[in-house]
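>>> sequence and predicted structure, then a few things I'm wondering about:
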Amino acid sequence: MKTTDQSPSRVLVTGGAGFLGAHLCRELLLQGHEVICLDSFMTGSRRNLRALPALGRFKVIQQDVAEPIELDWLDRIYNLACPASPPHYQADPVATVKTCVVGVLQVMELARRTGARVLQASTSEVYGDPQVHPQTESYWGHVNPIGPRACYDEGKRCTETLCREYAQREGVEVRVARIFNTYGPGMALGDGRVVSNFLVQALCGEPLTVYGTGSQTRSFCYVSDLIDGLLRLMESGPEVNGPVNLGNPTELSMLELADLVRELTGNPVPLVFSPSPADDPVQRRPDIRRAQQWLGWTPRVAPREGIGRTMSYFAHHLATLSRPQDATPEAASRPWPDVEQASNPS
C-alpha cells in the first residue's frame, strides 16, 4: 500500500493505540518510517501495539494529547486522538471536547515548532443529521450544538477551524480528513458501533439490536482502504486546500447490514428493536469526488468482502478468549514494558 517514494520520516501518530491508529502505525512501519505512538490509553489498547516493535523503529509515549508534547523534531504528525464511538465519547463529554480542541492546539504548536506537516482526523459527524445527500465537503452541516453528540460533532468542527487558522496565520501545512464509518479487524469487542455490535451478537447467537426502524443508512469503509486514503492525503500536493471526505459511498440501511451479517455468519438470529438515540443521523453517504480527483483514491473493498473479513477476525478473537475478563478495558490497559511515560519523552 506504499503511496509515495519519499525518504523515511519520523512520524508521530497521536491516538496510535486505537483501532485506526494501530493500523496506521503498522503501515508506516512497513514503509520504513520511524513511528512514535502517543496515546493516553483511555480507549486505545496496548494489545493493538504488541506486534509493532518487531516491524521497525517504534516508540510509545503514554500521554494525553491535551498536554504539551515535548518532541525535538518530526516530519509528519497524524492527529487521530479522540474516541470515535458514541458510547466512548459520550462517557465524558468535557474530556472529548478537551481532546478535540486543546489537543489540536498542542499538535499545531508542535507542528509550528518542528515544521512537521499535519493530517487532522475529522469526521463525517461534522455534517450532523444532514439535509444534503450525499454529503459534499462544501456542505456546512446540520448539527445540534447542545445535543448528546455535540461534544464530538462540535469538537471536531472547532478542530477544523483551528487547523485552518494555523495554516493561514502560522504557515503550518495541514490536511484534514473527514472520515466516514470505518470497520475491520482490530475493532474492540465492546467498540459500540453497529458493525462490531451486530457481528459479536450474531456470533454469540444473540438477537441483533436495531435502533429505530432500521431504515437509517450508513456508508462503511474497510480499514485498509481508509488507511490508504490517509497516507495519500498526507502526501498530497498544494492543490489540496480543504477537507477531504474519506469513506465508501456504498450506502446500507441498518436492516440491510443486519441481513448481511446474519447471512455471512450463518446465524439467522432475530432482530430486536430499541428507540433511536437522540440526534441519530437518518442517512450518511460521502461524496468522494475530491478524493478521487486530488488523491486518485477510491475504496476497493466491497461491504460483503470487508464484513466477511471482519467476521473472521471476531470469530477468532471470541474463540481464543480463555477468560471473560480478557475482553474488559481493564485487561486491555495493563502496563506493558514497551510503554514509556510522558515524563521521559524524546
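Structure received.
>>> tell me which helix or strand of the chain sits lowest on mean pLDDT?
strand 339-341 (a mean of 31; mean pLDDT, DSSP states H and E).
>>> poorly predicted segments of the stretch 1-150 of the chain, please.
1-6 (pLDDT under 70).
>>> strands of that one, start to end?
In the stretch 1-150 of the chain, strands defined by DSSP state E, counting those that start in this stretch lie at 10-14, 34-39, 58-62, 76-79, 117-123, listed in chain order.
>>> ranking the ones you listed by burial, who's on top?
Greatest average neighbour count among the strands of the stretch 1-150 of the chain goes to strand 76-79 (a mean of 27), per mean count of other C-beta atoms under 10 Å. Just so you know, the C-beta spots here come from the backbone N, C-alpha and C atoms, and that holds for glycine as well.
>>> direction included, what does it pair up with?
Next to strand 76-79 in the sheet, as set by DSSP bridges, lie strand 10-14 (parallel), strand 117-123 (parallel).
>>> what does it contact?
9-15, 21, 24, 33, 65, 103-104, 107, 110-111, 116-121, 230, 234 (C-beta atoms under 8 Å, 6 or more residues apart in numbering).
>>> same question, stretch 190-208
Contacts of stretch 190-208 (C-beta under 8 Å, 6+ apart): 19, 85-88, 181, 183, 187-189, 209, 218, 220, 254, 257-258, 261-262, 265, 267, 269-272, 307, 310-311, 314-315, 318, 327, 329.
>>> one more time with 7 Å
If you take C-beta atoms under 7 Å, 6 or more residues apart in numbering as the criterion, stretch 190-208 is touched by 85-88, 183, 187, 189, 209, 220, 254, 257-258, 261-262, 265, 267, 269-272, 310-311, 314-315, 318.
>>> again with stretch 107-122
Taking C-beta under 7 Å, 6+ apart as the rule, stretch 107-122 contacts 14, 65, 69, 71, 73-80, 104, 156, 159-160, 162-163, 166, 170, 172-179, 230, 233-234, 243.
>>> can you give me the helices for the protein?
19-30, 86-89, 93-114, 150-170, 194-203, 223-234, 254-265, 289-290, 303-319, 329-332 (DSSP state H).
>>> with distance to residue 140 as extra columns, can I get those in JSON lines?
Listed next are the helices of the chain as JSON lines, based on distance: least, C-beta to C-beta, whole Å:
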{"stretch": "helix 19-30", "distance to residue 140": "26"}
{"stretch": "helix 86-89", "distance to residue 140": "22"}
{"stretch": "helix 93-114", "distance to residue 140": "18"}
{"stretch": "helix 150-170", "distance to residue 140": "9"}
{"stretch": "helix 194-203", "distance to residue 140": "26"}
{"stretch": "helix 223-234", "distance to residue 140": "21"}
{"stretch": "helix 254-265", "distance to residue 140": "26"}
{"stretch": "helix 289-290", "distance to residue 140": "16"}
{"stretch": "helix 303-319", "distance to residue 140": "29"}
{"stretch": "helix 329-332", "distance to residue 140": "36"}
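>>> do you know which of the ones you listed lies nearest residue 279?
helix 150-170 (8.1 Å; C-beta to C-beta).
>>> and the closest one, what does it pack onto?
helix 93-114, strand 117-123, strand 174-179 (3 or more C-beta pairs under 7 Å, 6 or more residues apart in numbering; DSSP states H and E).
>>> list the buried residues in it.
150-157, 159-160, 162-163, 166-167 (16 or more other C-beta atoms under 10 Å).
>>> which of these sits closest to residue 98?
residue 155 (8.5 Å).
>>> find the nearest non-adjacent residue to the closest one, please.
Spatially, and ignoring its direct neighbours in sequence, residue 155 is nearest to residue 100 (3.1 Å; C-beta to C-beta, 6 or more residues apart in numbering).
>>> equivalent analysis for residue 121, please.
residue 80 (4.6 Å).
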